[in-house]
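Engineer: fold the stuff below for me.
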Amino acid sequence: MKFSMLAIAATAFAGVQGFAPVANPSARVMAMQNTAIQMAAAVDVDTKAALATAANEARGLAMDSIAAANSGHMGLPLGAAEIGASLYGSQMSYNAKDPTWVNRDRFILSAGHGSMFLYSWLNLAGFDLPIDELKNFRQHNSMTPGHPEFPNSEHNTPGIESTTGPLGQGVANAVGLAVSEKMAEAVYNTDDHKIFGHHIFALAGDGCFQEGVTAEAAAFAAHEKLDNLVILYDANEVTLDKMAEYTQSEDILKRYEAYGWETYDIDGHDLDAVEAAIAAAKASDNGKPKFIKCNTIIGKGMEETEGTNAAHGEAGVPYVDKAKVSIGIPEGEKWYVSEGTRDFFKGVQDKNQAAYDEWQATYKAWSSANPDLAKQLEDSVADNVMPADAMIKEIPEMNVDAAEATRVSGYKVIQEISKLVPQYRSGSADLHGSCRNYIDNGGNYGAGFDKSYAGKNLYFGIREHAMGSILNGIAYHGLFKASGSTFLVFADYLRPTIRVAGLAELGRVSYVFTHDSIGVGEDGPTHQPVETVSGLRAFPNVDVYRPADAEETVAAYVSSVTRKDGPTVLIFSRQNLEQNNAVSAAERREGTLKGAYVAKKESGDLDVIVIATGSEVQHALEATKDMPGARVVSMPCMEAYERQSDEYKESVLPSTCTKRIAMEAGITGLWYKYASKVVGVDRYGFSAPGDFVMETLGMSAANLKKEIEAMA
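Structural biologist: Residues are numbered from 1 along each chain as shown. Just a heads-up that it's a prediction; the model follows:
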């Protein structure tokens, strides 16, 4: 039997059916279990019956929607129904009428393929997600896409806290939300008024925990003592191809205990156990994130497939009608919700409304006592920052005369950004010193040492994938803007998170990548990116900035914190670059915001246009200094340029001039959109001093001049 290892739990803990015994329990474990027993006893019979009924009706909603679409994943919605009933019917604090309330508990479905779990519970809990939208599951323009999508221009489904689907991302996103919640407590709570104090919940499956990103994020969460985080593991012993035992054999509870988490092991279908474990996890403010292993039967309620990997997808569709009757749904009814369940959740809404109203009174008193903090919070929630064209004027001119690496320029700029955008946070995957994105006097985030939760600098350790996901989680939380850094060549470790940020239109997040080309030099081709910039540009809705000097760097940073509908990648050089001081700081900044501008105007009849970006702009300027018919265009951001008016684009790259050449120290493919000839690097580099590598592979003014002169 599936729960044979848990069979003695009911007798081990009277009233807490489903808690597995712990060998040699510590005082902490015993205290947790005692709390659980007390909480379980508080679940009255009527409430338990209502939750059980709701769980089965949620199963029915999922079955009907997946059957109607003949597509979807039935296993999790059926197998984890009691978990949903406990979260939405009892344990979570939320207001369905105000789904973006800042102090709500957050729930993330990391196993996003089970999206009908989430849609069913949002409907039952009273969110503005009508039954008709459940009937429209997985159809074009519905509010119920195949995987949950954070509200964006395509979908605006209330109650979705994170775009999930790539397994493991949701768990790491949840860590980011927990980070942000701790930040909010530290920044905004006062001795007299507590306006932040909520929990982050995530439901994940075996696939999520097999993905490495969850291991990175779990280690970070425990190290920084994020005890506001509760992960629920839908342990159904099944993956898509095989039963889970075919590919995994570790003791996951011991693994999470080793990280520093508090762990629970329960029968995920026993409402007493589920209620008790979640309540105990919420009550335990001991500096440890919480991991609840919920032992479940995938596809529960459909005997033909339950407990097997066939239950994962839509294989159970032919058995839906029979299964619904077996769990108490009236025969012939579709998308059935009883009046009793609707009444029960009306009571849940009333209870939540009372807590919400009490919070509003506290917020009003806090706001009156702390008007400056209140204004800062209101601006943060609304993502109010000064417009980009105003912000670039607020930042003093860099006044850089000597050659300077843009990573060094970036260090100067980020100090100004932090002053102008108080909700801005910066982090690094163990490379603050190299990437130069540390905020001076901002303090360090976390627990222990010199850290506090109010700190503006996050130390992620060497965990790039988790860093990207945590940054996205901070953005999803909706209060702070976050950026994180590593070397550009390691961007591939977090590419999945950048893709999702573009899809989710996360304007509150940016990624800082330095050491941007073969100019890295001696470290060799393992550390010399050639394909990476173009690879990042390939993502829709991701702005990629590669500035050429200090003033362009100002505008790139400003764009990253003022953009509202998508993320930004900032790419900086390791080596020093010449400054284009022949063009005013204002012109360079304004032009950079537009993605491209004329960095050197022809002094005679226009003959050739040279387009360059980043470290190659200096070569373009040098190569054309004695060419009166040459125009140099700096194009730090293709994506921003493409959003400009046709009139502006024509003024920069007039269609009458077809003799164009582009230069970048990377692969050439994308540049053929703008030029007929490209000087680039379509091979890996080699280990040698950076200047030598650059010159050998053609990244020099002399070679560019030769290529221009060879054009017909």
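
Engineer: which helix or strand contains the residue positioned nearest the centre of the chain?
Structural biologist: In the chain, the residue lying closest to the centroid (Cα atoms, centre = their mean) is residue 472, at 2.2 Å. Per DSSP states H and E, residue 472 falls inside helix 464-477.

Engineer: now swap in residue 641 and tell me
Structural biologist: Residue 641 belongs to helix 638-642, assigned by DSSP H and E.

Engineer: okay, buried residues for that helix please.
Structural biologist: 638, 639, 640, 641 (16 or more other Cβ atoms under 10 Å). No exception for glycine: its C-beta is placed from N, CA and C like everyone else's.

Engineer: just how off-centre is that helix within its chain?
Structural biologist: Here helix 638-642 is found 24 Å from its chain centre; the criterion is Cα atoms, centre = their mean, to the nearest Å.

Engineer: report the rounded mean pLDDT for that helix.
Structural biologist: Across helix 638-642, the average pLDDT comes to 98.

Engineer: elements contacting it?
Structural biologist: The helices and strands touching helix 638-642, judged by 3 or more Cβ pairs under 8 Å, 6 or more residues apart in numbering; DSSP states H and E, are strand 543-545.

Engineer: low-scoring stretches of this structure, by residue?
Structural biologist: 1-42 (pLDDT under 70).

Engineer: mind checking what helix or strand follows the longest helix seen in it in sequence?
Structural biologist: Looking across the chain with DSSP state H, the single longest helix is helix 339-369. Downstream of helix 339-369, the next assigned helix or strand under DSSP H and E is helix 371-382.

Engineer: report the distance from that next one to the chain centre.
Structural biologist: 23 Å.

Engineer: and that helix with helix 339-369, angle?
Structural biologist: 140 degrees (axes from the mean of the first three to the mean of the last three Cα atoms, to 10 degrees).

Engineer: show me the contact partners of helix 371-382.
Structural biologist: The contact list for helix 371-382, computed with Cβ atoms under 8 Å, 6 or more residues apart in numbering, reads 102, 187, 188, 366, 367, 384, 385, 422, 423, 478, 479, 480.

Engineer: before we move on, back to that, now do the contacts for the residue nearest to the centre of the chain.
Structural biologist: 162, 169, 173, 176, 497, 500, 501, 504, 506, 509.

Engineer: buried subset of these?
Structural biologist: Using 16+ other Cβ under 10 Å as the burial test, these include 162, 169, 173, 176, 497, 500, 501, 504, 506, 509 as buried.

Engineer: hang on, the earlier thing: got the CA positions of the helix holding residue 641 in PDB?
Structural biologist: C-alpha atoms of helix 638-642 as PDB (Å, rounded to 0.1, in the frame of the first residue of the first chain):
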ATOM      1  CA  MET A 638      18.700  46.900 -31.100                       C
ATOM      2  CA  GLU A 639      15.300  46.400 -29.300                       C
ATOM      3  CA  ALA A 640      14.900  50.000 -28.200                       C
ATOM      4  CA  TYR A 641      15.900  51.200 -31.700                       C
ATOM      5  CA  GLU A 642      13.200  49.000 -33.300                       C
END
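
Engineer: just the buried residues of the next helix or strand after it, please?
Structural biologist: Going down the chain from helix 638-642, the next helix or strand is helix 646-652, by DSSP H and E. By neighbour count with 16+ other Cβ under 10 Å, helix 646-652 contains the buried residues 649, 652.

Engineer: what does stretch 693-712 give?
Structural biologist: Buried residues in stretch 693-712 (16+ other Cβ under 10 Å): 693, 694, 697, 698, 699, 700, 701, 703, 704, 705, 707, 708.

Engineer: quick one: which helix or strand includes residue 155?
Structural biologist: Per DSSP H and E, there is no helix or strand for residue 155.

Engineer: phi and psi next, for residue 108.
Structural biologist: The phi/psi pair for residue 108 (degrees, to the nearest 10) reads phi -120, psi 130.

Engineer: that one: what's it in contact with?
Structural biologist: Going by Cβ under 8 Å, 6+ apart, residue 108 touches 161, 162, 164, 170, 171, 173, 174, 177, 200, 201, 202, 203.

Engineer: cool, residue 340 as well?
Structural biologist: Per Cβ under 8 Å, 6+ apart, neighbours of residue 340: 50, 53.

Engineer: distance of it from residue 279?
Structural biologist: Separation of residue 340 from residue 279 (Cβ to Cβ, to the nearest Å): 24 Å.

Engineer: count of residues packed around residue 645?
Structural biologist: 9 (other Cβ atoms under 10 Å).

Engineer: for the longest helix of the chain, buried residues please.
Structural biologist: The neighbour-count check on helix 339-369 (16+ other Cβ under 10 Å) flags 341, 344, 345, 348, 349, 352, 356, 359, 363, 366, 367 as buried.

Engineer: and of those residues, the nearest to residue 457?
Structural biologist: residue 366 (26.8 Å; Cβ to Cβ).

Engineer: just give the nearest non-adjacent residue to that closest one, would you?
Structural biologist: What sits nearest to residue 366 in space, not counting adjacent residues and going by Cβ to Cβ, 6 or more residues apart in numbering, is residue 193, at 3.7 Å.

Engineer: what does residue 438 give?
Structural biologist: residue 432 (4.5 Å).

Engineer: got it, and residue 493?
Structural biologist: residue 464 (3.7 Å).

Engineer: give me the phi and psi for residue 292.
Structural biologist: phi -110, psi 110.

Engineer: that one - how many residues pack around it?
Structural biologist: Neighbour number of residue 292 under other Cβ under 10 Å is 24.

Engineer: test my guess that it contacts residue 276.
Structural biologist: No - assessed by Cβ atoms under 8 Å, residue 292 is found out of contact with residue 276, at 10.2 Å.

Engineer: shared neighbours, those two?
Structural biologist: By Cβ under 8 Å, 6+ apart, the residues touching both residue 292 and residue 276 are residue 266.
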